[in-house]
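In: Here is a sequence with its predicted model. Questions after.
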Amino acid sequence: MVHGSVRRAPAPDGAVVLDAERLDAYVAALAFQTLAQRLAGRLTGAFRDQLERASLSILLNLAEGVGRTQPADKARYYAISRGSASECAALVDALRARGWGEEVLRAEARGLLVRIVQMTTRLEQAMARRRERLSAEGRRAG
């Protein structure tokens, strides 16, 4: 299974690894991109477009969140990424309900999405704790 063996995002040989590429949620989101493309391959129209947009949103918002410096900004992007992962999970459920796509791909996609939702939830919670800590430090210093 893809999500069991993926440990880091592929970077060109000798390239510097970006912070987002070290994040397990980003690696899982990148792995989901591959599955989403395979699932969407036979779809057409709005359903395919929505799956492609939502799956890409997971990855892009994670990367943007990592690139932010303020905990509130980071948390906002992680929450958006989590919402997109939840949307993709609903799309995968709709595929199953309609009998579209291969069962093994749907199951693997769902497993990755559950992990992404869990990880982005923890990232957002970590940013909330950081905000609280910084706020408390600011009150003590002031």
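Out: Arrived safely, thanks for sending. Numbers count the residues shown, from 1 in each chain.
In: Return the distance of Ala126 relative to Glu108.
Out: Plainly put, Ala126 is 27 Å away from Glu108 if you go by C-beta to C-beta, to the nearest Å. C-beta coordinates here come from the backbone N, C-alpha and C atoms, glycine included.
In: Give me the more crowded residue out of these two.
Out: Glu108 (22 against 14; other C-beta atoms under 10 Å).
In: so the more buried one is in which element?
Out: Assigned by DSSP states H and E, Glu108 belongs to helix 103-141.
In: what about Ala136, distance to Arg96?
Out: With distances taken as C-beta to C-beta, Ala136 is found 46 Å from Arg96.
In: Let me know the pLDDT of Glu108.
Out: Looking at Glu108, its pLDDT stands at 97.
In: ugh, wrong one, Leu56
Out: pLDDT, read off for Leu56, is 97.
In: swap in Pro12?
Out: So Pro12 comes in at 62 (pLDDT).
In: And for Trp100?
Out: Looking at Trp100, its pLDDT reads 89.
In: Apart from its neighbours in sequence, what residue is nearest it?
Out: Leu43 (7.0 Å; C-beta to C-beta, 6 or more residues apart in numbering).
In: Neighbours of that neighbour, how many?
Out: Residues within reach of Leu43, counting by other C-beta under 10 Å, total 18.
In: list the contacts for Arg48?
Out: Residues counted as contacts of Arg48 (C-beta atoms under 8 Å, 6 or more residues apart in numbering) are Ala40.
In: can you tell me the helix or strand for it?
Out: Following DSSP H and E, one finds Arg48 within helix 45-67.
In: Next, the angle helix 103-141 makes with that helix.
Out: Put simply, helix 45-67 runs at 30 degrees to helix 103-141, going by axes from the mean of the first three to the mean of the last three C-alpha atoms, to 10 degrees.
In: Distance from helix 45-67 to the middle of the chain?
Out: Computed by C-alpha atoms, centre = their mean, to the nearest Å, the chain-centroid distance of helix 45-67 equals 8 Å.
In: Just the C-alpha atoms of it, please, in PDB.
Out: The C-alpha trace of helix 45-67 is given here as PDB (Å, rounded to 0.1, in the frame of the first residue of the first chain):
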ATOM      1  CA  GLY A  45     -17.500  16.500 -15.800                       C
ATOM      2  CA  ALA A  46     -18.100  18.100 -12.400                       C
ATOM      3  CA  PHE A  47     -17.400  15.000 -10.400                       C
ATOM      4  CA  ARG A  48     -13.900  14.700 -11.800                       C
ATOM      5  CA  ASP A  49     -13.200  18.500 -11.500                       C
ATOM      6  CA  GLN A  50     -14.300  18.500  -7.900                       C
ATOM      7  CA  LEU A  51     -12.100  15.600  -7.000                       C
ATOM      8  CA  GLU A  52      -9.100  17.100  -8.700                       C
ATOM      9  CA  ARG A  53      -9.600  20.500  -7.100                       C
ATOM     10  CA  ALA A  54     -10.300  19.300  -3.600                       C
ATOM     11  CA  SER A  55      -7.300  16.800  -3.700                       C
ATOM     12  CA  LEU A  56      -5.000  19.500  -4.800                       C
ATOM     13  CA  SER A  57      -6.300  21.900  -2.200                       C
ATOM     14  CA  ILE A  58      -5.200  19.400   0.500                       C
ATOM     15  CA  LEU A  59      -1.600  19.500  -0.700                       C
ATOM     16  CA  LEU A  60      -1.400  23.300  -1.500                       C
ATOM     17  CA  ASN A  61      -3.000  24.400   1.800                       C
ATOM     18  CA  LEU A  62      -0.600  22.200   3.800                       C
ATOM     19  CA  ALA A  63       2.400  23.700   2.000                       C
ATOM     20  CA  GLU A  64       1.100  27.200   2.500                       C
ATOM     21  CA  GLY A  65       0.400  26.600   6.200                       C
ATOM     22  CA  VAL A  66       3.900  25.300   6.700                       C
ATOM     23  CA  GLY A  67       5.300  28.500   5.000                       C
END
